[in-house]
Each structure stands twice: as C-alpha cells, then as structure tokens.
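# Using only what follows, build the 3D model:
(chains A and B)
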Number of protein chains: 2
Amino acid sequence: MDRDITAIIQGVLSRDTLAIARAISLVENRSEDAPTLLKALFPHTGKAFIIGVTGSPGVGKSTLVDRLALHYRQEGELVGIVAVDPSSPFSGGAILGDRIRMQALGTDPGVFIRSMATRGNLGGLAATTADVVSILDAAGYQKVIVETVGVGQDEIDIVKTADVIVVVLVPGMGDEIQTIKAGIMEIGDVFVINKADRQGVERMEQGLRALLELTERADGWNPPVVKTVATQNQGIDELARAIAAYHQFRQSPDRPDERRRQIAEYRLIELLRDRLLLIALERGLRNGELKELARQVADKERDPYSIVEEIASRVL
Amino acid sequence: MDRDITAIIQGVLSRDTLAIARAISLVENRSEDAPTLLKALFPHTGKAFIIGVTGSPGVGKSTLVDRLALHYRQEGELVGIVAVDPSSPFSGGAILGDRIRMQALGTDPGVFIRSMATRGNLGGLAATTADVVSILDAAGYQKVIVETVGVGQDEIDIVKTADVIVVVLVPGMGDEIQTIKAGIMEIGDVFVINKADRQGVERMEQGLRALLELTERADGWNPPVVKTVATQNQGIDELARAIAAYHQFRQSPDRPDERRRQIAEYRLIELLRDRLLLIALERGLRNGELKELARQVADKERDPYSIVEEIASRVL
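Got it, this is the predicted structure:
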C-alpha cells in the first residue's frame, strides 16, 4: 500500500484533523486510492450514531444542527457535521451559513465540520456522503450529523443512510400542509417544528399529528413532534431525548436491524452504479467521443438509445 | 417489431391519448420495449418547446403552470404537462394538486397531463422524465411544461433538460434570500415572484435582482424577473412573453445551440448509468444474492467496496 495512504489511514484512526480532511478529499475527488482507504477504515466503522437532518430551505436547519452539536459536546461526545447542499455548485456549501457556523463551533476541536456541494454530472452525492460519514465514524466521532438542504429525492437518498432521520418544519406551512409530501412523512423518525415562537404553531402541530396518524409505520414507531426555537436554544434537550428514544427503540434485542440491511443494500447499488459508469466511460469511449456522440444526438443524427446499447455492448 | 408496439407508435404519432398513456407507462416501468419505442419516436422529436418550472413546495407552481397552459391553449397551441414529484412515493403525485388541476384543464383534449412520482432505488427519474417529454414531443404537443417540486439536485437534473427554466419564488423568502442557492440562480432563465400581492414583494424583487446582477451568465442572457398572482391570472401574459424572449434569444443564428448538446451529453450519461446497472443486477447477481451481500455488509462481515469490485469484474 502507498505510504501516503497508510499515513492518512493512521491519521484518520487517531483523529488527526488534517488526515481526515485529506481522506474526505480523496473520496470527494473519486481518487483511485479512495477504495483502498475505505476498505481499510471499514472494520473501524459502525460505532457512530448517525443523525440525518432534512427540511426545506429557510427552516433553520443549520442553527438547529449547531445547537444539537453543542448539546452533545456538553455531554462530552465528539461530533462530526456533514452539511450537504446538492443544489449548490460551490464546494463549501451555503457561504453565509458556513461563516456563522464557524463562529459558534469552529474553534472546538471536538467538532469536525465539512460542507459538501454539487455532485456534478457523474452523480453519487449520496454515496459520497455515506463514505464521508464512514471516515468520521472510523475517526471516532460518536455523533455524526448529516444535514441536507431541501426535500427532494436526492436529499432523501442522503439522509436515508442515517440511523435516525429528523425532519424540520416551520409554522406557516400549515396552510399548505399537503405540500409536506408523503415521502417525507414516511422517512421522518422525529419531527421538529422549529421557529415555534411564530404564529400558527398550534395549527401546524395539529395538522402534522393528524398526518402522522394516517401514516402507519412497519416498525410500529410513533414519530414524536418536538417544538424548538433553535436561535434561543429552546427545545434542544427535548430533541436530543427524542433522538435517544428512537435510538433505544431500534436497538431493542427482539428487533433485527432491518434498516441497516436496507441501507447496506442501497449503498451497494449506488456504489455499483457509480463504478460501472466510471469503467464504461474509461474503457468504452475514446477521448472526446462522448462530446461527439452528444452532438450527433443534439443534431438528431442518431438516437441516444442505440448509442447507449452500443457502448454497453463494448464494455460488457 | 411487435404489433402492439407498432400500434402504440402509430397511436402516439397521431396523438391518440390512450396510446400516449401506454407509451409513458412502458417507459416508466422500464419495459423491454421502451428502447424500441423511443428509437422509433426519436426522428419525430425536437419540435416541442420544453419549459421547466421549479421552486420550493408552496410557491404555487401548479396553479402557475395551469394558467400558463391555458394561455398557450388560447393561442391555439397543444400543451403537455409533466408534473414530477421526486419526494412522493405515490404515482399520481400530489393528490390534492391533481384533483384541482383536473377541474381546470382535465376536459380540454388539447392538454395532456401526466404526474410522475418516485424513482425508487434504481434511480433514473430525470432520464425517465426526458423520455416522457420525448413522447409528448413526438405526439405533436408544441409546448411541454415540466413542473417539479422542490429545489434539490434531482429537481435541477429534471428541469435541466428543458429549453427554458423558470424558477418560481414567493415574497417572504426575502429574509432568507441566502437560501436561494447559487445552483438555482445559475439555472434560472426566467424568474417568477408569484403571490406578488403579498407583503414584502418589493424587498424580494430587489434582493433577487441584486443576486442576479452578481451572477454572470456565460451566454450573456439577463434573466428577467416577472411578478405574478397566478390564482388571479395576473402576470401570466408577461411570463409567456419572457419565455418567448428567451426562446428567441437562444435561436439567434450566431449562437450554436450548446445547451442542446449539453442536454444530450447529460442524457447519454444517465441512460448509460441506468442500463449498466440493470445489466449488472441481471447478469452479475444470483437470485437473492444482493440481499445476502447487504446483510454481510450490515453485519460488518465484508466491506461494500470489495463486493462492488467483485460484481463489476464478474460482468465486465
């Protein structure tokens, strides 16, 4: 094994911040060394509790995540935060959000924060996020919070690999409660109504509880609804308790951990998809051929379906 | 070629609603006949003007799209609407939205409406949407409106294949203008402030224009900002004019259509990714093997990276 990679692996396992950052970069850049790194770290994973936090833009997710991180820090736990913004083309994510965040948590060596942005055309942000979480897990962060902007399928894919999924809402969505989609209602293990000092919080809560009652979960868990005012640190303890309750519920011995298996299956499919595409692009296409084929499709000279069949038969 | 498929192709080309619906189902269900169908329809595509409409839940996209569709109908054009909700696990999309929609447009034979929902674990909703748009294009709908809920990467991928991208906002997001992500600012060709009878519309407009001035587009287009109150049919004519202006701008003869090439490249990659995964799952894995491998990963017996390498080398 490459000496550099060995050093990075050792560094990650001894929670060296620089080594962790380098490991994450290798994964983000899809370096050839990434699989070696991840394979070596794999036996050291599985100890972190992974908390996925999702919700529409503007609901105050970042503040909530920061407060929750501070809560865990006060309990002496090491916290990793991965903030994913699939809609931002910039690495570093939401610029303003990051600056504020750095002031509150940035100087605490017990917290590691990483922003991740666009996945680009080659996809795989959910898979990359899962790999970054694995690195933080192997490094010994006991709580890893994955925060993602938005409520689209990509965001759902990202938080799906978490042990608990926290869905953040705000009052004023009450009028349009039908816009809280069934997909979100299904994945949420804990619901937060943030900015709970705003008007309409009771109506929001009633609507949400009514919707939750309509949704029967296969595992029998009843997702609690927690009201918070993250900017004033209100409700954060209760949120942490709700998360811990779900953690305990899932660990009860009479319940095989079906969710970890589903997550593993999902990851295998994602990894396979990415790997096959990369191999096909490398082996199946000459330099510049993709652009030329795209031109032919755009100019209606050839249809894309025949082209894809041809490339597939070249590699397979 | 299968007689059934031939009949569906003929039906689509003569704009038979039932045939179109069957063609779309074949594509959605990833039928083996779908490539045949799409190859046959391909030469008949390229005539429709495709309008992508995106924005957060609750901004009134559906109403806006319906009004815009009515506008085009009054000008004598045939309109296809594809409403995509990646976060909903239900086919048929937002249930309430659909019911209202049917009342306004459902009886007009010059409008074809289709809801599309979750992509499932095997992905490809953006690619499927593009195929559905191709079917409507081949069927002779002159305007095809692709409406998608949310502002995540998946939604961006979906609207990216449109000829013009309309981003819908509402007042009251002004406070949190930083949450309108750079990714959205970059892809929007036309911006709409809907519900413009609400408080805060001026501040919203100023903030938006300021942000737009910061973003320089490679093609030199300055995205206009249109204020609408869709429920009262206000601003719809202006929106249609803004869309037409961009259409004209793109068609100017001194500008090669780089966008259509980018779209074609993106579609090739998406199609290739899906095709390879399907082949690998079919050929590379025994029945039930994926579940067993997922269990091994969940129980930390094997790491997912080695497994994926093994499957890839089996098929390639």
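
# all strands for chain A, in order.
With strands called from DSSP state E, chain A shows them at A:49-55, A:79-84, A:111-116, A:143-149, A:164-169, A:190-193, A:225-227.

# closest one to chain B among the ones you listed?
strand A:143-149 (7.2 Å; CB to the nearest CB). The C-beta positions use only the backbone N, C-alpha and C, and glycine is treated the same way.

# Report the strands that pair with the closest one, each with its relative direction.
Sheet pairing here is set by DSSP bridges, and for strand A:143-149 it gives strand A:49-55 (parallel), strand A:79-84 (parallel).

# hmm, who's touching stretch A:233-240?
By CB atoms under 8 Å, 6 or more residues apart in numbering or on different chains, the surrounding residues in contact with stretch A:233-240 are A:64, A:67-68, A:70-72, A:166, A:190, A:192, A:196-197, A:226-230.

# Run through the residues that contact residue A:190.
Taking CB under 8 Å, 6+ apart, we find residue A:190 in contact with A:164, A:165, A:166, A:167, A:223, A:224, A:226, A:239, A:242, A:243, A:246.

# mind checking how far it is from residue A:230?
Distance from residue A:190 to residue A:230, counting by CB to CB, to the nearest Å: 14 Å.

# about what we covered before: turn the strands paired with strand A:143-149 into a markdown table, including mean neighbour count and mean pLDDT.
Below are the strands paired with strand A:143-149 laid out as a markdown table (neighbours: other CB atoms under 10 Å in any protein chain shown; pLDDT from 0 to 100):
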| stretch | mean neighbour count | mean pLDDT |
| --- | --- | --- |
| strand A:49-55 | 25 | 91 |
| strand A:79-84 | 26 | 91 |
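
# quick one: which of those strands is nearest residue A:281?
Comparing the strands paired with strand A:143-149 by their distance to residue A:281 (CB to CB), the top pick is strand A:79-84, with 24.3 Å.

# pLDDT weak spots in chain A?
Where chain A drops to pLDDT under 70, the residues are A:1, A:86-106, A:117-124, A:150-155, A:173-185, A:253-256.

# what are the ranges of the helices in it?
All helices of chain A, identified by DSSP state H, fall at A:3-13, A:17-28, A:34-41, A:61-74, A:95-105, A:125-138, A:153-160, A:182-187, A:201-214, A:236-251, A:258-283, A:289-298, A:304-315.

# In a markdown table, list these along with distance to residue B:186 and mean neighbour count.
Shown next, in a markdown table, are those (distance: least, CB to CB, whole Å; neighbours: other CB atoms under 10 Å in any protein chain shown):
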| stretch | distance to residue B:186 | mean neighbour count |
| --- | --- | --- |
| helix A:3-13 | 34 | 16 |
| helix A:17-28 | 20 | 19 |
| helix A:34-41 | 28 | 21 |
| helix A:61-74 | 22 | 21 |
| helix A:95-105 | 14 | 15 |
| helix A:125-138 | 17 | 25 |
| helix A:153-160 | 17 | 26 |
| helix A:182-187 | 26 | 20 |
| helix A:201-214 | 33 | 16 |
| helix A:236-251 | 34 | 16 |
| helix A:258-283 | 24 | 20 |
| helix A:289-298 | 20 | 18 |
| helix A:304-315 | 25 | 18 |
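
# got the end-to-end distance for stretch A:45-62?
Stretch A:45-62 has an end-to-end distance of 26 Å (CA to CA, to the nearest Å).

# How far off centre is that stretch?
In this view, stretch A:45-62 has its centroid 7 Å away from the chain centroid, taken as CA atoms, centre = their mean, to the nearest Å.

# ok, now stretch A:199-214?
Stretch A:199-214 sits 26 Å away from the centroid of its parent chain (CA atoms, centre = their mean).

# just stretch A:259-269 next, same as before
On CA atoms, centre = their mean, the centre of stretch A:259-269 falls 14 Å from that of its chain.

# give the contact list for the closest residue to residue A:19 other than its chain neighbours.
In this structure, residue A:19 finds its nearest non-sequential neighbour in residue A:11, 2.3 Å apart by CB to CB, 6 or more residues apart in numbering or on different chains. Neighbour list for residue A:11: A:18, A:19, A:20, A:22, A:23 [criterion: CB under 8 Å, 6+ apart].

# Dump the residues you listed to a markdown table, plus distance to residue B:309.
Formatted as a markdown table, the contacts of residue A:11 follow (distance: CB to CB, whole Å):
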| residue | distance to residue B:309 |
| --- | --- |
| A:18 | 29 |
| A:19 | 24 |
| A:20 | 24 |
| A:22 | 23 |
| A:23 | 19 |
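
# Let me know the closest of those residues to chain B.
Once CB to the nearest CB is applied, the member of the contacts of residue A:11 that ends up nearest chain B is residue A:23, at 14.0 Å.
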